[in-house]
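Q: Sequence first, predicted model second:
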Amino acid sequence: TDPTITLGYVSTDEAVRLSASMPTTAVFAPLDKSPQIIMWDPASWPEVHSIADLGKTGAVVRYFGGATYMDYLVSAGLLHKEQIDGGYDGTPGNWVAAGGRDAQQGYAGVEPYVYQHELDSWAKPVAYQLIHDTGYAIYQ
C-alpha cells in the first residue's frame, strides 16, 4: 500500500496465495534455495535431526502466523497442529525464556550464527533443517 516501495522480497507461495489482493512481479531470483528453516536446540533435543523428528516430540514450534509453509508441514504430517504457535514475533525472547525446549522459524544465513555468536543470552549452537529439504520448495 506504500507507493514509494518499488521492490520487495516475497516467496513464491506467498505471491500465489496473495496474488488477487497484492499482485507481484518477479524481477530476479537471488537464491538457489529458500533459507527458511525450523531451528531447535540440539542439547535439549539430541534425538532430533529433522523437522519430522521434531514433530514426534510435541515441542512448540513458533512461526509468523499465516506462513504457507507451515500448512504444508502440518498437512504432510511432519508437525502437528497442536504444537505450532503462529505468535512468533521475530525476537529471540521466547526461545531464550523456553531454555531450548521450543523450536522456531528462522533463516539459515542469520539465526544459527547470531544465536551462537552474538546473542549473549543464548551463545550456543542451534540445529535446523531447511523447509526446502522437507519437499516444500518455496523460493524467496
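A: Sure, I can see it. As the structure is a prediction and not an experimental result, all values here were calculated from the model.
Q: quick one: low-confidence ranges for this protein?
A: Flagging of the chain using pLDDT under 70 yields the residue ranges 140.
Q: let's go with 80 and repeat that
A: For the chain, the stretches with pLDDT under 80 are 1, 5-13, 26, 28-31, 139-140.
Q: Just grab the bridge partners of the spatially most central residue of the chain for me.
A: For the chain, the residue whose C-alpha lies nearest the mean C-alpha position (Cα atoms, centre = their mean) is Gln105; its distance is 2.7 Å. The residues listed as beta-bridge partners of Gln105 by DSSP bridges are Ile38.
Q: which residues touch it?
A: Remark: with contacts taken as Cβ atoms under 8 Å, 6 or more residues apart in numbering, Gln105 is in contact with 36-39, 61-64, 67, 88. Just so you know, the C-beta spots here come from the backbone N, C-alpha and C atoms, and that holds for glycine as well.
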